[in-house]
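Participant: please find the sequence and the predicted model below.
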Amino acid sequence: MTTPAPRADLSTHRVENQPPARGDTDLWASDAPLREAIAREGGQPAPLAEYGAALGTVEMRQAARDANTCSPKMHLFDAGGRRLDEVHFHPAYHQFLDLGIASGYCATAWQGTPGGHTTHAAMVYLASQVEPSTCCPMTMSYAAYPALAASPDLAAIWQPKLTTRRYDPSLRPVREKLGVTLGMAMTEKQGGSDVRANTTRAEPAGDHWRLTGHKWFCSAPMSDGFLTLAQTPAGLSCFLVPRWLEGARNAIRIQRLKDKLGNRANASAAIEYEGAEAYLLGEEGRGVATIIEMVHHTRLDTAMAPAGLMRAAIVEAHHWATHRSAFQRRLIDQPLMRAVLADLALDWEGALALGLRVARAYDGPTPEDRAFARIAVALAKYLSNKRCPIVTYEAMESLGGMGYVEDTPMPMLYREAPLNGIWEGSGNVICLDILRTLAREPLAAEVLRVELAAASGSDPRYDAALQAHVARWPALPPEAEARWFVERLALLLTASLLIRHAPAVVSDAFVTTRISGEAGRTTGAMAGHDVSAILERIATR
């Protein structure tokens, strides 16, 4: 059955010069840079093609709007006053988790498939273009898997349930579930990123422990369990806290849901443990070393998601410019609009190339791969998240007043843009972590030098910029210069990848504007580039 078209002939006027509805869009087939990067970095195209086609439908875009408009609701008590501590979501929220988990978002990296982390990272990129809030519970479930290896008994119970590709939101203990999700609850009011200041305490209780204390941010509080940190006599330790027990609810009390700027389809809660049942994960007193494996993998997703947000914003702006006219010309034919969109596309292409190169290092088996993943994921997270709010804002502005209206996805994308730069460690935390890594891990510094040197000899401007960077900072910079140092290092790494792998028109424009500095400080302040060839890589079908 064909749906009748909306009426354009109204009683007072005819609707003209408005872009048509986009209809179903295949996020995989319409994204040539993504397909090129997956082929280059060793990801699996088949599941990505299926996931991208499913996500891009009108149905899923409407579901995204429903999930964000109808925010999660806290249900603390039943009608008789008995404690529930539940969060209820719009059915669209569950629709996205069902699709993502069935597609392998949480599982594909851990099931022995070649390029599993690269494929996972591309799924993050695709999902972030439509409904990024629901990435949070899936990302944490993906990232929790390797951390569970610290305790084989717990791994034997939880790891198989994380990789069933079955989404099961029922309120049952892990052994009865078709599949599970895992969350994380680390930070507390008094410490934030300084988790060693945590005051939550753990006391032994036979074969398990009892946790008492608060957690300031617990994302996805309806997860089936949480990796969390608490103090024991041996020091800060990592625990797995199940949400549901045999015949009982664990003593996890939801205090409130955070009223967040964005990420509105997903619940983030302040919680308290009131003697909650918990199980030690890893060695007592080595909580940070245990949970850091989870943090390392969530960082991949926070580096990848902004590329998806940028892509979604640019595609929306490109669609608008293609179908909207002003001053007797289509917007897409006007030189200044073309310069703006092409400039935005350089940030998106750079973030995509860098993110998937990092993901390939996660797939690699060697110490060199792991060292590169450790340093490069932090660089990618820093740069891509600093650019994301700028790109989404400029794309929003390209739509004029409609970009500020919730009828378009632009407000949602703009609200989401700062999140990944804040979550898991803000810009300053990431910069300091990069300095520590370079100081303490010589192999990380060496593999980074090799990757930067791989593009030498291809563009004299790049060579000069790399030499200038080394001359400016022959050793690590003073702490006050860490952001400058990290930004330049991340830009050079991105340029190295684009020089080697992107079309010359893209790499040349990136080097000119981001490395040589032949551009203004606002988007579109550039000249002399073949913007047509750059814009063709945005175009969707």
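Facilitator: Alright, I've got the coordinates.

Participant: I'd like to know how far residue 98 sits from residue 134.
Facilitator: Separation of residue 98 from residue 134 (Cβ to Cβ, to the nearest Å): 10 Å. Using the backbone N, CA and C atoms, a C-beta is placed for each residue, glycine as well.

Participant: between these two, who's got more neighbours?
Facilitator: In this view residue 98 and residue 134 are compared by other Cβ atoms under 10 Å, and residue 134 has more residues nearby, 30 against 16.

Participant: show me what contacts the more buried one?
Facilitator: Residue 134 makes contact with 67, 93, 96, 97, 100, 127, 265, 266, according to Cβ atoms under 8 Å, 6 or more residues apart in numbering.

Participant: wait, is it part of a strand?
Facilitator: No. Residue 134: not assigned to a strand; according to DSSP: H, G, I helix; E, B strand; the rest coil it is helix.

Participant: residue 472: neighbouring residues, count only.
Facilitator: Count around residue 472 with other Cβ under 10 Å applied: 12.

Participant: repeat that for residue 240.
Facilitator: For residue 240, the count of nearby residues is 25 (other Cβ under 10 Å).

Participant: can you check residue 30 too?
Facilitator: Count around residue 30 with other Cβ under 10 Å applied: 18.

Participant: what of residue 253?
Facilitator: Number of residues near residue 253 (other Cβ under 10 Å) recorded here: 17.

Participant: centroid-nearest residue for the chain?
Facilitator: In the chain, the centroid-proximal residue (Cα atoms, centre = their mean) is residue 305; its distance is 3.0 Å.

Participant: so it, which state does it fall into?
Facilitator: Here residue 305 is recorded as helix under three-state DSSP.

Participant: who's in contact with it?
Facilitator: With Cβ under 8 Å, 6+ apart as the criterion, the residues that contact residue 305 are 124, 125, 128, 132, 135, 420.

Participant: before we move on, what about residue 281?
Facilitator: 147, 148, 150, 151, 154, 227, 238, 239, 240, 290, 291 are the contacts of residue 281 under Cβ under 8 Å, 6+ apart.

Participant: tell me which two of these sit farthest apart.
Facilitator: Across these, no pair lies farther apart than 154 and 291, at 13.3 Å, counting by Cβ to Cβ.

Participant: the more surrounded of the two?
Facilitator: Between residue 154 and residue 291, counting by other Cβ under 10 Å, residue 291 is the more crowded of the two (26 against 21).

Participant: who's in contact with that one?
Facilitator: Residue 291 touches 147, 184, 186, 227, 229, 238, 281, counting by Cβ under 8 Å, 6+ apart.

Participant: which one of the residues you listed has the most neighbours?
Facilitator: In terms of neighbour count, residue 238 stands highest of these at 29 neighbours, by other Cβ under 10 Å.

Participant: wait, that residue sits on residue 284?
Facilitator: No. Contact criterion Cβ atoms under 8 Å: residue 238 and residue 284 do not qualify, at 9.2 Å.

Participant: which one is residue 242 nearest to, not counting chain neighbours?
Facilitator: Leaving out its chain neighbours, the residue that sits closest to residue 242 by Cβ to Cβ, 6 or more residues apart in numbering is residue 225, at 4.7 Å.

Participant: may I have the phi/psi pair for that neighbour?
Facilitator: Main-chain dihedrals, residue 225, degrees, to the nearest 10: phi -170, psi 170.

Participant: for residue 119, see how far away the nearest residue to residue 103 once chain neighbours are set aside is.
Facilitator: Closest residue to residue 103 apart from its sequence neighbours, by Cβ to Cβ, 6+ apart: residue 51 at 4.4 Å. To residue 119, residue 51 is 9 Å away according to Cβ to Cβ.

Participant: between these two, which one's more packed in?
Facilitator: Using other Cβ under 10 Å as the criterion, residue 51 and residue 119 rank with residue 119 on top: 28 against 23.

Participant: same for the helix or strand containing residue 336, what does it pack against?
Facilitator: Using DSSP states H and E, residue 336 maps to helix 335-363. Judged by 3 or more Cβ pairs under 8 Å, 6 or more residues apart in numbering; DSSP states H and E, helix 335-363 is in contact with helix 32-41, helix 116-128, helix 287-323, helix 367-398, helix 482-501, helix 504-510, helix 531-536.

Participant: flag the shaky bits of the protein, pLDDT-wise.
Facilitator: 1, 540-541 (pLDDT under 70).

Participant: next up, the contacts around residue 222.
Facilitator: 86, 87, 89, 169, 243, 267.

Participant: and the nearest residue to the fifth one once chain neighbours are set aside, how far from residue 174?
Facilitator: Nearest residue to residue 243 in three dimensions, chain neighbours excluded: residue 224, at 5.1 Å (Cβ to Cβ, 6+ apart). When distance is defined by Cβ to Cβ, residue 224 is 6 Å away from residue 174.

Participant: what touches both of the two?
Facilitator: Applying Cβ under 8 Å, 6+ apart, one finds that residue 224 and residue 174 are jointly contacted by 161, 180, 242, 244.

Participant: okay if I get the contacts of residue 281 as JSON lines plus secondary structure?
Facilitator: Formatted as JSON lines, the contacts of residue 281 follow (three-state DSSP):
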{"residue": "147", "secondary structure": "helix"}
{"residue": "148", "secondary structure": "helix"}
{"residue": "150", "secondary structure": "helix"}
{"residue": "151", "secondary structure": "coil"}
{"residue": "154", "secondary structure": "helix"}
{"residue": "227", "secondary structure": "strand"}
{"residue": "238", "secondary structure": "strand"}
{"residue": "239", "secondary structure": "strand"}
{"residue": "240", "secondary structure": "strand"}
{"residue": "290", "secondary structure": "helix"}
{"residue": "291", "secondary structure": "helix"}
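
Participant: now tabulate these in CSV and tack on distance to residue 199.
Facilitator: Shown next, in CSV, are these (distance: Cβ to Cβ, whole Å):
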residue, distance to residue 199
147, 22
148, 25
150, 23
151, 24
154, 25
227, 18
238, 16
239, 15
240, 20
290, 19
291, 17
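
Participant: pretty sure residue 126 is touching residue 48, no?
Facilitator: Yes. Under the criterion of Cβ under 8 Å, residue 126 makes contact with residue 48 at 7.0 Å.

Participant: so what sits against both of those two?
Facilitator: Common contacts of residue 126 and residue 48 (Cβ under 8 Å, 6+ apart): residue 28.

Participant: picking up where we left off before, tally of neighbours for the residue nearest to residue 242?
Facilitator: Residues lying near residue 225 (other Cβ under 10 Å) number 29.

Participant: what about it, distance to residue 89?
Facilitator: Distance, residue 225 to residue 89, using Cβ to Cβ: 18 Å.
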